[in-house]
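Q: Next come a sequence and a model predicted from it.
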Amino acid sequence: MKYARIKGTNDIYGDEISYWYTIEESAKKVAKLYGYGEIRTPIIEPTELFIRSVGEETDIVQKEMYTFEDKGGRSITLRPEGTAPVVRAFIENSFVNKGFPQRYFYIGPMFRYERPQKGRQRQFHQVGFELFGSESPLADAEIIHLAVKLIKEIGLSKFKVVINSIGCEKCRPKYRDALKQYYAKHIDEVCDDCKRRYDTNILRLLDCKVDMEIANKAPKSTDYLCGECKEHYENLKKHLKMLDVEFEEDHKLVRGLDYYNRTVFEIRHELLGAQSAIAGGGRYDKLIEMMGGQSVPALGFAMGMERLIIAMKAEGVKIEPALVNHVYIAHVGDVVETALKIAEDLRRQNITVVMDVMDRGLRAQLKHADRIGALLTVIVGENELAEDIVIVKDMESGEDSRVDINFVVDFVLDKLNEIL
RNA sequence: GUGGCCAUAGCUCAGCUGGUAGAGCGCCUGACUGUGGAUCAGGUGGUCGUGGGUUCGAAUCCCACUGGCCACCCCA
């Protein structure tokens, strides 16, 4: 094999593509329903953008970024996530002057240098939603509600929403201290990874799969929230109940990106395997200011499209085929002109028409029509044309109809109406 | 970055303890000068992931690399 895909990337084509269409169309539909406009940002950004926003100490920055130097000596990075570029665009284009709130969504590829496994590639795709300007728990509820709506729209049902609040810069230090105290007592019982993380990232000890028992009994961040954070969290839960969004609270849910505060949430699918999160997000009230903009509260989430597709397949979600070939036009003898005209007449009625361009025999043409799943085949033949007639074949029943050439379009339209 | 399993035709795989490749499906052609799906017959198709080693001889044994799957780490 001369050339092969880069590890962790995929070619997407054929039947697969209909899953992608389903997700993209659902995302656009739901976005429209909630008043979110699409934003398309570059796939490449200055490396510094991600170091600053995602966090110097995170795994994404430490070891997962595709970074290279361009010919001008600038350090460029293929975006590993979608929020930072949107925030960059927000600041760069002075979105603050457009009034609040502002709602955006994006769809596109992200890149992380990781070992591929089920539900994880180096190039993967996310659809994300961001809401700028509101500090209200109503905004949190909207984002979570929207995420759930979208997942249902895609056809999934075996998922659950998990939420938590990790507080703000005022209350988080106190919680961190409490965790440290708790884990100091158990430091001999936990695994080696946890011992290491005790110093590097104490919050991460909570989602260790080895030491779940200890993590379960650990102090909860929600018990250490300051008055404002507590009220925010309580109101969010109230709103979610009003919206009939079922959720679980999980005090062990802490997310990996540094910029989150207060609300964090994840949506997990039960049929997925080790990488069970199909969506994740939270609030990032300090990020825009930290990145050099004004102080604007914001929040958002991203969904992994590949993971959604795995879930769709696992649940057996029925999808619309991306392409239905309504009519195949076969032609035999010196009749091309008529065949072309019929094809065009049909396309003008929004009918998908595929015409033979191989100059093969009728047999081969019908075989091809069958292979591409044509619903009808119009056979334009010399013999029939002498009587101003074409044959329309129903490819499922095999039944032939002799149709006056002046009524082909009407006949095909009727026939398709019957079938579809 | 770590670990386990794996790599033979377009696809799914067989090939036992070493003797220079096979099946099914697919594809093409014909039976059927102008009627697809079914059947039958014939045909096309692989430097056995790459490189090295052991051997008279390697798809088969050994090593390395690359890639795949799954898991860890972490995340969508």
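A: Received, thanks.
Q: what's the neighbour count on the residue in the stretch 101-250 of chain A that RNA strand B sits nearest to?
A: The nearest approach of the stretch 101-250 of chain A to RNA strand B comes at A:Lys118, 2.9 Å away (CB to the nearest atom of the strand). Heads up, the C-betas are built off the backbone N, CA and C, glycines and all. Using other CB atoms under 10 Å, A:Lys118 has 11 neighbouring residues.
Q: Grab the nearest non-local neighbour of it.
A: Take A:Lys118 and drop its neighbours on the chain: the residue closest to it by CB to CB, 6 or more residues apart in numbering is A:Gly273, 4.7 Å away.
Q: Then A:Tyr224?
A: Nearest to A:Tyr224 is A:Tyr175, by CB to CB, 6+ apart, at 3.9 Å.
Q: Identify the residue spatially nearest to the residue in the stretch 151-300 of chain A that RNA strand B sits nearest to, adjacent ones excluded.
A: As assessed by CB to the nearest atom of the strand, RNA strand B sits closest to A:Gly256 within the stretch 151-300 of chain A, at 0.9 Å. In this structure, A:Gly256 finds its nearest non-sequential neighbour in A:Thr58, 6.0 Å apart by CB to CB, 6+ apart.
Q: Contacts only, for the one you found.
A: Neighbour list for A:Thr58: A:256-258 [criterion: CB atoms under 8 Å, 6 or more residues apart in numbering].
Q: Now rank the residues you listed by neighbours and give me the top one.
A: In terms of neighbour count, A:Leu257 stands highest of those at 21 neighbours, by other CB under 10 Å.
Q: got the residue ranges for the helices in the stretch 101-250 of chain A?
A: All helices of the stretch 101-250 of chain A, identified by DSSP state H, counting those that start in this stretch, fall at A:137-154, A:172-186, A:192-200, A:212-216, A:227-242.
Q: any bit of the lowest-mean-pLDDT helix or strand in chain A sitting next to RNA strand B?
A: Least confident helix or strand, chain A: helix A:192-200 with a mean of 77, by mean pLDDT, DSSP states H and E. Yes - against RNA strand B, helix A:192-200 shows contacts by CB under 7 Å from any atom of the strand at A:193, A:197.
Q: So which of the contacts of A:Thr58 sits lowest on pLDDT?
A: Comparing pLDDT over these, the lowest score belongs to A:Gly256 (74).
Q: burial of A:Lys195, as a residue count?
A: Neighbours around A:Lys195, by other CB under 10 Å: 13.
Q: And for A:Gly35?
A: Neighbours of A:Gly35 under the rule other CB under 10 Å: 10.
Q: Contacts only, for it.
A: A:Arg103.
Q: quick one: contacts for the residue nearest to A:Lys118?
A: Applying CB under 8 Å, 6+ apart to A:Gly273 gives the contacts A:118-119, A:310.
Q: State the helix or strand in which the nearest residue to A:Glu399 once chain neighbours are set aside lies.
A: Distance criterion CB to CB, 6+ apart; nearest residue to A:Glu399, sequence neighbours excluded, is A:Lys393 at 7.2 Å. In this structure, A:Lys393 sits in strand A:389-394 according to DSSP states H and E.
Q: What residues sit buried inside the strand or helix carrying A:Val380?
A: For A:Val380, the element it lies in under DSSP H and E is strand A:376-381. Residues A:376-381 are the ones in strand A:376-381 that count as buried (16 or more other CB atoms under 10 Å).
Q: Going by distance to A:Ala369, which of the residues you listed wins?
A: For those, the minimum distance to A:Ala369 (CB to CB) is 4.6 Å, reached by A:Thr377.
Q: ok, the closest one to A:Asp370 distance?
A: Separation of A:Thr377 from A:Asp370 (CB to CB, to the nearest Å): 9 Å.
Q: what sits in contact with each of those two?
A: A:Met395.
Q: In three-state terms, label the residue lying closest to A:Met65 once chain neighbours are set aside for me.
A: Computed as CB to CB, 6+ apart, the closest residue to A:Met65 that is not its neighbour in sequence is A:Thr77, at 5.1 Å. Under DSSP: H, G, I helix; E, B strand; the rest coil, A:Thr77 falls in the strand class.
Q: Touching, A:Thr77 and A:Phe50? I think so.
A: Yes - if you go by CB atoms under 8 Å, A:Thr77 and A:Phe50 touch, sitting 5.7 Å apart.
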